[in-house]
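Enquirer: Sequence first, then the predicted structure:
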Amino acid sequence: MTAPTTMLPRPFRVTRTSRDTQDTRTLDLEAVDGAPLTFAAGQFTMLHAFGVGEVPISISGDPGRPETLRHTIRNVGSVSRALAGASAGTVLGVRGPFGTGWQVRDGHGGDVVFVAGGIGLAPLRPAILEVCRARGDYGRVALLYGARTPEDILFGDDLRSWGADHDIDVEVTVDSGPHAWRGNVGLVTQLIDRAAFDAARTLALICGPEVMMRHSAVALGDRGVPRSRIRLSMERNMKCGVGLCGHCQLREYFLCLDGPVLAYDVLEPLMAQAEL
């Protein structure tokens, strides 16, 4: 895409909405002009609510079904509130897709570990769907997911299907749960300590709050996963999506172009510096 094209939002119509948690909704969109938006797992778009503004949102849909563009949105501000509140038939603007992907195919023949925190499961979902579609190409696959409470767990039906139908070891933990909760309680890094995988031949993909990603990467490294095989999806204040405005700059990297997915051997020295 040329720069003028990437700066012009394409109209997409909301075809379906679903409520995931109290503050999170998923939107399915289709291009008004009928042309599917091809994307790679891990990429994001700039999603535009006309008259309000636009924000970067990771794609949570299936790369194998580009005719449906899916976004999972947490209501945290004026723009995300307008997007999350959109009803079927609403027309939104879409720019992109932008950024680097997970490249989960690099894990062919080995084990894959997904580590997600909160809404960080949404950007990982397309990569998990890729693995499910070619499950025989991978060894052991683990999904380690942490949420604040049981009510904040995303994609419950998917979690059950991935475990039951696709031989993925799904482990979920929450920060706190009611007496009725019979699952894990604690940090997602505790799940890493006991997960089954061959570290030397593992590809690890992590998405969530930055502090959680840093500690998860350290835990995976301590297990023996090479730092070059640990990938994180970084968030910054992305605005243009094409490396012009500098809002998303992380030292020499522009996360809208060089990221959001970067290997931990690149990120480790950067994440050790406060407020970089």
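Expert: Arrived safely.
Enquirer: CA only for contacts and neighbour counts going forward, please
Expert: Fine.
Enquirer: all helices of the stretch 101-250 of the chain, in order?
Expert: 121-133, 156-165, 189-194, 210-223 (DSSP state H, counting those that start in this stretch).
Enquirer: so which of the ones you listed is the most packed in?
Expert: Greatest average neighbour count among those goes to helix 121-133 (a mean of 22), per mean count of other C-alpha atoms under 10 Å.
Enquirer: between that helix and helix 156-165, how big is the angle?
Expert: Helix 121-133 and helix 156-165 meet at an angle of 30 degrees, taking axes from the mean of the first three to the mean of the last three C-alpha atoms, to 10 degrees as the criterion.
Enquirer: Counting by contacts, list what helix 121-133 packs against.
Expert: In terms of contact count using 3 or more C-alpha pairs under 8 Å, 6 or more residues apart in numbering; DSSP states H and E, helix 121-133 is assigned the packing partners strand 202-207.
Enquirer: The residue of the chain positioned farthest from its centre and Gly117, how far apart?
Expert: When each C-alpha in the chain is compared with the mean C-alpha position (C-alpha atoms, centre = their mean), His179 comes out farthest, at 30.2 Å. Distance from His179 to Gly117, counting by C-alpha to C-alpha, to the nearest Å: 22 Å.
Enquirer: Quick check: Ser58 touching Gly42?
Expert: Yes. Using C-alpha atoms under 8 Å, Ser58 is in contact with Gly42, at 6.9 Å.
Enquirer: contacting residues for Val266?
Expert: Ser228 (C-alpha atoms under 8 Å, 6 or more residues apart in numbering).
Enquirer: Centre-most residue in this structure?
Expert: Pro123 (1.4 Å).
Enquirer: Now do it against Gly183, distance only.
Expert: In this structure, Pro123 lies at 24 Å from Gly183, with C-alpha to C-alpha as the measure.
Enquirer: Could you do Gly224 as well?
Expert: On the measure of C-alpha to C-alpha, Gly224 and Gly183 end up 27 Å apart.
Enquirer: Next: Leu129.
Expert: Leu129 sits 24 Å away from Gly183, taking C-alpha to C-alpha as the criterion.
Enquirer: And Val91, by the same measure?
Expert: Applying C-alpha to C-alpha, the value for Val91 to Gly183 is 40 Å.
Enquirer: quick one, which of these two is more surrounded?
Expert: Neighbours per residue, other C-alpha atoms under 10 Å: of Val91 and Gly183, the larger number sits with Val91, 21 against 12.
Enquirer: Just to check, the more buried one is in contact with Pro9?
Expert: No. Using C-alpha under 8 Å, Val91 is not in contact with Pro9; the gap is 11.1 Å.
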